[in-house]
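Q: what follows is a predicted structure for the sequence shown.
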Amino acid sequence: MRIKIINPNTTWSMTEKMGACARAVARPGTEVVTVSPAMGPVSIESHYDEALAVPGLLAEIASGERDGFDGYLIACFGDPGLLAARELARGPVVGIAEAAMHMASFIGRRFSVVTTLGRTIGQAKHLAEAYGMERFCANVRACELSVLELEEPGSGARERIVEECRRALAEDGSDVLVLGCAGMTDLCEHISRTLGVPVVDGVTAGTQLLESLITLRLATSKRGELNRPPAKPMEGMLQPFALQE
Ligand code: 2AL
């Protein structure tokens, strides 16, 4: 099978890191292609960033459909553009936040999400509610690190994330941790070993969930709301996004 992992921000060092972590867990026969869109924000940590990341992401889904991919993983914890991507794709599309939250619900009673900046807490809580995961989600906490600080050697990011994870376990009553940013994917094992609890990373969890859906031949339902959107003209810079009949 061929899966496409889309990092909706344009920071390729992060995209490559995700590719390495996803390939480490993917099945032997799976081809994992990782991309960043040609346009968009370098990191996603506001509603504004998220909205502007979506056109480039959808262009990657559209080109993926032409290239015959079997499924897609949207690798940003806000799950930007997830439902629009499902409208465009024939195969399954998984977001890393929904993947991580669902996986976490199988292995504990309550999870804490540890994310980057405090301003992204609201979006993570909103997704937990939207996915029906609210009752599993003990708390969403931030370490006040920007996404790009995760990419900087010597930023102390790893230590700060471990400390926030430690506080989460002490204060939230949670028994599982969920990493709140795709850029944390490479820290999963270290945090789990250091703190002695399961740590769910959406990039690896999402890769395996996507493989399961494809193996089971479970694709996005085209019966109703997620059917292909109606063809219509688009104006201005969005002209290339107009769908044809
Ligand atoms: C993210 C993420 O996963 N990628 C990105 O650019 N921003 N999430 C976050 N909470 O900051």
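A: Thanks, I have it.
Q: what mean pLDDT does the helix with the most length in the chain get?
A: The longest helix of the chain (DSSP state H) is helix 47-66. In this model, helix 47-66 carries a mean pLDDT of 98.
Q: let's number from 49 now, not from 1
A: Done: numbering now begins at 49, and the last item shifts to helix 95-114.
Q: the helix or strand just after it: partners in the sheet, and parallel or antiparallel?
A: Proceeding N to C from helix 95-114, the next assigned helix or strand is strand 119-122, under DSSP states H and E. In the sheet, strand 119-122 lines up against strand 50-54 (parallel), strand 141-143 (parallel) (DSSP bridges).
Q: would you confirm that Ala253 contacts Phe154?
A: No - if you go by C-beta atoms under 8 Å, Ala253 and Phe154 don't touch, sitting 10.0 Å apart. Using the backbone N, CA and C atoms, a C-beta is placed for each residue, glycine as well.
Q: could you export the strands paired with strand 119-122 as a markdown table, including mean pLDDT, distance to Ala86 and mean neighbour count?
A: Shown next, in a markdown table, are these (pLDDT from 0 to 100; distance: least, C-beta to C-beta, whole Å; neighbours: other C-beta atoms under 10 Å):
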| stretch | mean pLDDT | distance to Ala86 | mean neighbour count |
| --- | --- | --- | --- |
| strand 50-54 | 98 | 12 | 25 |
| strand 141-143 | 98 | 19 | 28 |
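Q: only the buried residues of the longest helix of the chain, if you could.
A: By 16 or more other C-beta atoms under 10 Å, the buried positions in helix 95-114 come out as 97-98, 100-110, 112.
Q: which one of those is nearest Val83?
A: Each of the buried residues of helix 95-114 was scored against Val83 by C-beta to C-beta, and Glu108 proved nearest at 5.7 Å.
Q: follow-up on the earlier one: tell me which of Ala253 and Phe154 has more neighbours.
A: More crowded of Ala253 and Phe154, by other C-beta atoms under 10 Å: Ala253, with 25 against 10.
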